[in-house]
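Asker: can't give you the sequence, but here's the structure:
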């Protein structure tokens, strides 16, 4: 595994069985999906604020936190980064308008 997403996915999977007292990620898993989602929301808000403030270094830092916690969420849900990358590849070359129109009303989020 030579890319950072693969390495992180492997580490996050390993943390599922770690002691919540000794691992931040394991403690998130132990608290459940609602706690993980709250953390993703917090990080998304911090990312938006950093972008609004125009501080590039802070934007990189906050986006890293957001991506990390999103990966925790995916792992908790039994998904891998490759699942998201596959979906992005499926959409490659499609107009955003066309792609959105191809979704069913029930499938939209």
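Answerer: Yep, that arrived. None of these values were measured; they are calculated from a predicted model.
Asker: And the pLDDT at the residue nearest the centre of the chain?
Answerer: Averaging the C-alpha coordinates of the chain gives a centre point, and the residue nearest to it by C-alpha atoms, centre = their mean is residue 70 (1.8 Å). Per-residue confidence at residue 70 stands at 98 (pLDDT).
Asker: got a list of what it touches?
Answerer: By C-beta atoms under 8 Å, 6 or more residues apart in numbering, residue 70 lies in contact with 40, 43. Glycine gets a C-beta too; all of them are placed from N, C-alpha and C.
Asker: What is the distance between the host helix or strand of it and the centre of its chain?
Answerer: Here residue 70 is covered by helix 56-76, with elements defined by DSSP states H and E. Here helix 56-76 shows a centroid-to-chain-centroid distance of 6 Å under the convention C-alpha atoms, centre = their mean, to the nearest Å.
Asker: Which parts of it count as buried, going by neighbours?
Answerer: Under the neighbour-count criterion of 16 or more other C-beta atoms under 10 Å, helix 56-76 has 59, 62-63, 65-76 buried.
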